[in-house]
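Enquirer: A structural model of the following input is requested.
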Amino acid sequence: MKKINLAVIGCMGRMGKHIIKSAKADKNFKITTLTETKKIKKKINGLNIETNSESALKKANIIIDFTVPKCTLEVLKIASKLKKKVVIGTTGFSKKEENLIKKYSKKIPILKAGNMSLGINLLMYLTEIASGSLGKQFLSKISEVHHKYKKDNPSGTALMLGKGIAVGKKKNFYNLIGKKYLNKKNFPFGKKINFNSFRKGKIIGEHKVIFSSGKEVITLNHEAFDRALYSEGALSAAKWLIKRKKGLYSMRDLMNFK
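Expert: Numbers count the residues shown, from 1 in each chain. As a prediction, the model looks like this:
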């Protein structure tokens, strides 16, 4: 099999470094491009760290981006022009930015996921089933825990799970977003989906989706112990996307959920 030329955006970031490490161990990939938003005079695996540009990204077959929304949209603009495939692990997009991504997906293949873990994506699928199966008497809320350096809250994964609840209820997610709490030991259920985020220590990621009728509680949860599961998931997404035509895809498509 011919190796896939890979561009890693945000190569100096936490996830960027893990993707480089996982890609080096995967015989399907050859890292051809490493970028950051600013020029850095440093080499990684013999490669210069470049800024996001047509000249840098044209060497790649596929791009993996775990950065911030502004950077991701800049990369999509270039990728769209070069007809490159893009895997997006960035979180924290606004509704307007989400619509821009959909617009770019009409020109190139994009796989976007708030979490690249196969287990989390299974959790989302189960969340949809539970939400659709439980009656209106069940309220729901979402709790998540991440390391103290994570900036966005709720996490992209928590929001993704919230969308799973909305899909199950056949409602618009943005109309179901309730209150957002930070570092609360206890937080209430509401008519909408409330979120609570903990930021502490070096925790990689814990997520809970909780349903309650007042008479019983149902909890779906996932814990991550090794960040490699995210980088390996991103590489699985890249291998899958390389064979796809233009469109917006998710890990759900990769895992062939109905």
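
Enquirer: CA atoms for contacts and neighbours, from now on please.
Expert: Will do.

Enquirer: scan the protein for its longest helix.
Expert: Longest helix of the chain, by residue count under DSSP state H: helix 118-133.

Enquirer: who does the helix or strand bottoming out on mean pLDDT in the chain pair up with?
Expert: Using mean pLDDT, DSSP states H and E, the weakest-scoring helix or strand in the chain turns out to be strand 40-44, at a mean of 89. Paired strands of strand 40-44, with direction, are strand 47-50 (antiparallel) (DSSP bridges).

Enquirer: on that earlier part again, quick check: angle from the next helix or strand after the longest helix of the chain to helix 118-133?
Expert: On the C-terminal side of helix 118-133, the closest following helix or strand by DSSP states H and E is strand 139-146. Counting by axes from the mean of the first three to the mean of the last three Cα atoms, to 10 degrees, strand 139-146 points 170 degrees away from the direction of helix 118-133.

Enquirer: now do the helix or strand just after strand 139-146 and strand 139-146, the angle between them.
Expert: The helix or strand immediately downstream of strand 139-146 is helix 156-169, counting by DSSP H and E. On the basis of the same axes, to 10 degrees, helix 156-169 is oriented at 160 degrees to strand 139-146.

Enquirer: got the contact list for helix 156-169?
Expert: Contact with helix 156-169 is made by 91-92, 114-115, 120, 123-125, 127-133, 142-144, 172-173, 176-177, 193, 195, 207, 209, as judged by Cα atoms under 8 Å, 6 or more residues apart in numbering.

Enquirer: filter these to the buried ones?
Expert: Buried by 16 or more other Cα atoms under 10 Å: 91-92, 114-115, 120, 123-125, 127-132, 142-144, 173, 176-177, 193, 195, 207, 209, out of those.

Enquirer: hey, C-alpha coordinates of the least confident helix or strand of the chain in PDB?
Expert: Taking C-alpha atoms only, strand 40-44 is exported to PDB below (Å, rounded to 0.1, in the frame of the first residue of the first chain):
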ATOM      1  CA  ILE A  40       9.300  28.200  14.700                       C
ATOM      2  CA  LYS A  41      13.000  27.600  14.100                       C
ATOM      3  CA  LYS A  42      13.000  23.900  15.100                       C
ATOM      4  CA  LYS A  43      13.000  20.600  13.400                       C
ATOM      5  CA  ILE A  44      10.900  17.500  14.300                       C
END
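
Enquirer: and that strand, how far out from the chain's middle?
Expert: Distance of strand 40-44 from its chain centroid, counting by Cα atoms, centre = their mean, to the nearest Å, is 26 Å.

Enquirer: now do the buried residues in it.
Expert: Judged by neighbour count (16+ other Cα under 10 Å), strand 40-44 contains no buried residues.

Enquirer: try stretch 97-104
Expert: Within stretch 97-104, the residues that count as buried by 16+ other Cα under 10 Å are 101, 104.

Enquirer: could you give the mean pLDDT of it?
Expert: For stretch 97-104, mean pLDDT rounds to 97.

Enquirer: from Lys84, how far out is Arg252?
Expert: Using Cα to Cα, to the nearest Å, one obtains 21 Å as the distance from Arg252 to Lys84.

Enquirer: in three-state terms, label Gly233 for me.
Expert: At Gly233 the chain is in helix, as set by DSSP: H, G, I helix; E, B strand; the rest coil.
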